[in-house]
Structure formats: structure tokens, C-alpha cells
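> Take this sequence and fold it.
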Amino acid sequence: MKLALAHVTLPVTDLAVAEAFYVDLLGARLARRFDRATFVASRPDRAHEADAPNSPLHLALSFGPPEPELQLFLQPEGEPSVERPHPHVAFAVEPDALAELVTALLARGIPVEGPLRLGPPGQASVYFFDPFGNHLELTAQGYRGDAPLALPDMKKLVYRWTT
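Coordinates of the predicted model:
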């Protein structure tokens with residue numbers, strides 16, 4: 001039996017903000033949008049579920065094949081603890097793209113920690129949060145810049161998203 005990772009889910013409180021962050025800023029491709037209009041049209045008998053704590057409304061994103069999807073589900077709560085580094089989602093990036101992504105995050109007022117090295121020599125990671133407090137990481141192998149061996153200070157990554 002062979003298993004492959006199909007998708008990972010994260011809670012978000014606003015699908016439009018999630019799309020702006022993940023698609024417009026991080027460059028994900030929107031694979032599917034299962035918003036209120038789509039859900040009600042497909043399941044009018046279950047329209048009340050759209051506002052339930054375990055809402056089926058979500059965005060399905062791809063960062064390019066053959067990676068699994070990142071599915072962002074509309075949830076009224078579920079923000080992770082600031083102090084805990086896990087769980088988090090790590091995105092692999094080319095070493096030359098790391099600085100460009102950090103610049104884009106900082107330009108939007110999103111604090112980052114890194115590049116730091118927690119892995120083998122040549123590995124570098126940058127840590128940040130999405131607008132909903134989900135913990136994210138950019139990780140590059142073959143990084144030639146300075147990346148001190150250190151843990152990120154997750155408390156420094158809190159911010160308020162502005163459009």
C-alpha cells in the first residue's frame with residue numbers, strides 16, 4: 001500500500017482575506033472556491049451549515065504539482081497558541097527566492113523571524129503567521145546567506161492584518 005498526502009487544512013475566519021494572503025501575496029493557485037454562493041447553489045437544503053462552527057466553506061489552494069492542497073476552512077475560532085511552534089505548514093522555496101519573499105512579507109507589515117537554521121548546514125527557514133495566526137515557514141535548502149542556528153521567537157510574529 002502506498003500513501004500520499006492529499007491535503008492539509010487550516011482554519012481561517014475570512015475567505016476573502018485568506019485568498020488575498022495566500023494567492024496574491026504567497027503566489028498559491030486557487031484550485032477551488034467553495035464559498036457561500038457555491039455551497040447554497042449545490043446544497044440548498046443544507047444552506048444553514050454555512051454558518052455552523054464546522055462550516056464546509058473553504059478555499060483549496062495549490063502551490064504547484066505534485067504538492068498536496070492547502071485547504072482553508074472558514075471557522076469562527078481555532079487560532080493556534082502564539083508560543084507553540086507546532087503545528088505549522090512549511091513551504092519549500094528556492095534559496096534565491098527566500099529574500100524576495102521576506103521582502104514581500106515585510107512590505108505588507110508581516111513580521112518574520114529568520115533566516116534561521118534548525119536543520120543541516122545550507123538549510124534556512126523564515127517563520128511568520130498568516131492573518132489568522134496560523135504558523136507558517138519558508139524553508140530553503142542550499143542557502144548561502146547567513147542563517148544562525150537558533151529557534152524562532154514566535155511571540156515576535158504577532159500582527160494585525162490590514163488590506
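
> Quick check, Met154 in contact with Glu137.
No: if you go by CB atoms under 8 Å, Met154 and Glu137 don't touch, sitting 11.2 Å apart. Glycine gets a C-beta too; all of them are placed from N, C-alpha and C.

> Show me whatever sits in contact with both of the two.
When CB atoms under 8 Å, 6 or more residues apart in numbering defines a contact, the residues bordering Met154 and Glu137 alike are Tyr127.

> looking at the chain, which residue lies furthest from center?
Asp45 (32.0 Å; CA atoms, centre = their mean).

> Over to that residue. Which of the three states is it?
Of the three states, Asp45 takes helix under DSSP: H, G, I helix; E, B strand; the rest coil.

> Which pLDDT value belongs to it?
With respect to pLDDT, Asp45 scores 89.

> can you tell me how far it sits from Thr13?
26 Å (CB to CB, to the nearest Å).

> the helices in this structure, which residues?
Per DSSP state H, the chain carries helices over the ranges 15-19, 36-42, 95-107.

> from those, which stretch is densest packed?
Highest mean neighbour count among these (mean count of other CB atoms under 10 Å): helix 15-19, with a mean of 18.

> which other helices and strands contact it?
strand 29-34, strand 58-62, strand 69-74 (3 or more CB pairs under 8 Å, 6 or more residues apart in numbering; DSSP states H and E).

> can you redo the ones you listed as a markdown table with mean pLDDT and distance to Asp51?
Below are these laid out as a markdown table (pLDDT from 0 to 100; distance: least, CB to CB, whole Å):
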| stretch | mean pLDDT | distance to Asp51 |
| --- | --- | --- |
| strand 29-34 | 93 | 14 |
| strand 58-62 | 94 | 14 |
| strand 69-74 | 92 | 9 |
